[in-house]
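J.: next one to model:
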Amino acid sequence: MSIRIRFLGQSGVQISDRRHSIVIDPWITGNPLATVKLKDIHVQYVLLTHGHEDHIADALAIAKRNRATIIAVYELATYLGRKGVRTFPMNIGGSRRFPFGTVKVTEALHSSSVI
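T.: Numbers count the residues shown, from 1 in each chain. The predicted model follows:
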């Protein structure tokens, strides 16, 4: 089985094999580092690591256009689900097997300070 990993700019990545395709943290529109156009992303799942704008900016548009499921931490999935997309909420520490593989939600701490 071959797997294709495509860098989309910033923190965005698309991972595909012959049957499945997922995108992680898509920010394409208005991103000077974007390597693709939004219309060129075809996926079944959108994975979001957290709710910062530069990680979720195009999640709704991609999910709606592709009828994809957004996988995210519970609060973010609930928020996006209210905007008309299918979501799969998860909690930190939880894991779930999906058709493309297993997702495990881990806590990640990072600063947001400016030097």
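
J.: for the protein, what helix or strand is lowest in average pLDDT?
T.: helix 53-56 (a mean of 90; mean pLDDT, DSSP states H and E).

J.: okay, buried residues for the helix or strand just after that helix please.
T.: For helix 53-56, the succeeding helix or strand toward the C-terminus, using DSSP states H and E, is helix 59-66. Buried residues in helix 59-66, counted by 16 or more other Cβ atoms under 10 Å: 59-63, 66. Placement of C-beta: from N, CA and C, glycine included.

J.: and helix 59-66, what does it pack onto?
T.: strand 45-47, strand 69-73, helix 74-81 (3 or more Cβ pairs under 8 Å, 6 or more residues apart in numbering; DSSP states H and E).

J.: now this protein, which segments are flagged as low pLDDT?
T.: For the chain, the stretches with pLDDT under 70 are 110-115.

J.: same thing but at 80, please
T.: 1, 108-115 (pLDDT under 80).

J.: now do the contacts for Asp25.
T.: By Cβ atoms under 8 Å, 6 or more residues apart in numbering, the contact set of Asp25 is 10-13, 47-49, 54-56.

J.: try Ser16
T.: Here Ser16 is in contact with 3-4, 6, 22, 43 (Cβ under 8 Å, 6+ apart).
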